[in-house]
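Asks: The amino acid sequence is not available; the structure is as follows:
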């Protein structure tokens with residue numbers, strides 16, 4: 001999101017990035033996410049299909065530099081929601 005500052009919120013159905021700059025906020029349903037990863041406790045990568053003109057294109061990675069350490073429980077929460085293990 002091009003160095004945008006904001007807040008990540010993890011709900012039961014969505015991940016929301018609320019950017020401080022207009023037009024940079026995003027919302028992803030967990031079933032829209034293709035991948036996730038991290039190179040450490042202060043980084044999160046989400047991979048989602050990009051839509052252009054109503055059609056899905058290539059996977060785009062969104063990398064977030066976190067201001068606080070992501071716990072293993074938070075990471076597992078996202079992973080479980082993406083993979084629907086909680087049903």
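Replies: All right, it came through fine. None of the values given here were measured: they were computed from a predicted structure. Numbers count the residues shown, from 1 in each chain.

Asks: Show the backbone phi and psi for residue 82.
Replies: Backbone torsions of residue 82, given as degrees, to the nearest 10, read phi -60, psi -40.

Asks: quick one: it from residue 36, how far?
Replies: Distance, residue 82 to residue 36, using CB to CB, to the nearest Å: 6 Å. Using the backbone N, CA and C atoms, a C-beta is placed for each residue, glycine as well.

Asks: what is residue 37 paired to in the beta sheet?
Replies: residue 45 (DSSP bridges).

Asks: give the contact list for the closest residue to residue 62 other than its chain neighbours.
Replies: Spatial nearest neighbour of residue 62, excluding adjacent residues (CB to CB, 6 or more residues apart in numbering): residue 46 at 4.8 Å. Contacts for residue 46 (CB atoms under 8 Å, 6 or more residues apart in numbering) come out as 15, 28, 33, 35-36, 61-62, 64.

Asks: from these, which is closest to residue 51?
Replies: Using CB to CB, residue 28 comes nearest to residue 51 of those, at 11.4 Å.

Asks: Name the secondary structure element that contains the closest one.
Replies: Counting by DSSP states H and E, the element that carries residue 28 is strand 26-29.

Asks: Which elements pack onto that strand?
Replies: Under the contact criterion of 3 or more CB pairs under 8 Å, 6 or more residues apart in numbering; DSSP states H and E, strand 26-29 touches strand 14-19.

Asks: how close does residue 66 get to residue 55?
Replies: 32 Å.

Asks: which residues touch residue 77?
Replies: With CB under 8 Å, 6+ apart, residue 77 has these contacts: residue 10.
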